[in-house]
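Participant: Quick one: sequence and predicted model below, then my questions.
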Amino acid sequence: MAEQFIEDLGMSMQKSVESFTKDIATIRTGRANVSILDLVRVEYYGFPTPLREVASVTIPEPQQIMIKPYEKETLKAIEKAIQSANIGLVPNNDGTVIRLNIPALSEERRKEYVKLLGKYSENAKVSIRNIRRSANDSLKKDKSLSEDRQRHLESEVQKKTDEFIKKIDELAKVKEKELMTI
């Protein structure tokens with residue numbers, strides 16, 4: 001029972017790490033990365049659809065993203081979706097494909113993105129701590145556990161928490177280095 005409890009706890013915390021990873025992937029670094037388009041939703045037959053489902057997205061050059069729609073009629077909708085997504089990129093429509101040129105980031109913009117990274121990092125850590133708190137609460141409510149067993153499980157919960165917070169810190173450090181590299 002206890003092993004399953006700790007395993008479930010680890011899976012919940014892993015979901016927080018995965019969510020954090022998705023969040024930081026959307027932060028621009030000055031190099032082309034298709035994940036910055038993950039939040040773009042295209043109006044496709046009346047439904048908001050992820051961009052990758054209506055077009056192929058490639059990186060022909062380090063500073064450029066090329067979007068080729070599967071149906072030529074969706075070109076205008078894709079262009080409009082990119083503009084309304086407010087990702088800071090201007091779409092260039094040549095009639096068959098849309099090109100997004102990734103400008104180099106200024107020092108000021110890099111620092112803004114590092115602050116945003118810090119917010120994402122703190123939110124992920126808070127999520128993990130909330131999971132820890134609810135796990136400890138459920139351990140305290142379980143009357144079938146002895147005091148020693150409860151303390152042991154609480155220390156296991158803390159070890160898991162420390163492990164996943166360390167993962168968040170490592171991912172944030174890598175992303176910050178990537179952001180600050182010119």
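Facilitator: Looks like it came in fine.

Participant: Domain parsing of this structure, as residue ranges.
Facilitator: 2-26+106-180, 34-101 (automatic domain parsing).

Participant: could you redo those domains as a markdown table and give each row mean neighbour count?
Facilitator: (Glycine included, C-beta is placed from N, CA and C.) Compiled in a markdown table, the domains of the chain are given as follows (neighbours: other C-beta atoms under 10 Å):
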| stretch | mean neighbour count |
| --- | --- |
| domain 2-26+106-180 | 15 |
| domain 34-101 | 15 |
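
Participant: Tell me, please, where in this protein the pLDDT is lower than the cut-off.
Facilitator: 1-2, 182 (pLDDT under 70).

Participant: how about the helices of it, start to end?
Facilitator: Secondary structure of the chain (DSSP state H): helices at 2-25, 75-84, 107-141, 147-180.

Participant: Measure how the longest one sits relative to helix 2-25, angle-wise.
Facilitator: What that stands for is helix 107-141. Comparing the axes of helix 107-141 and helix 2-25 via axes from the mean of the first three to the mean of the last three C-alpha atoms, to 10 degrees yields an angle of 160 degrees.

Participant: I'd like to know which elements helix 107-141 is packed against.
Facilitator: helix 2-25, helix 147-180 (3 or more C-beta pairs under 8 Å, 6 or more residues apart in numbering; DSSP states H and E).

Participant: Can you check which of those gets nearest to Ile59?
Facilitator: helix 2-25 (14.3 Å; C-beta to C-beta).

Participant: Give me the contacts around that closest one.
Facilitator: 33, 35-36, 38, 117, 120-121, 123-124, 127-128, 131-132, 135, 149, 153, 156-157, 160-161, 164, 167-168, 171-172, 175 (C-beta atoms under 8 Å, 6 or more residues apart in numbering).
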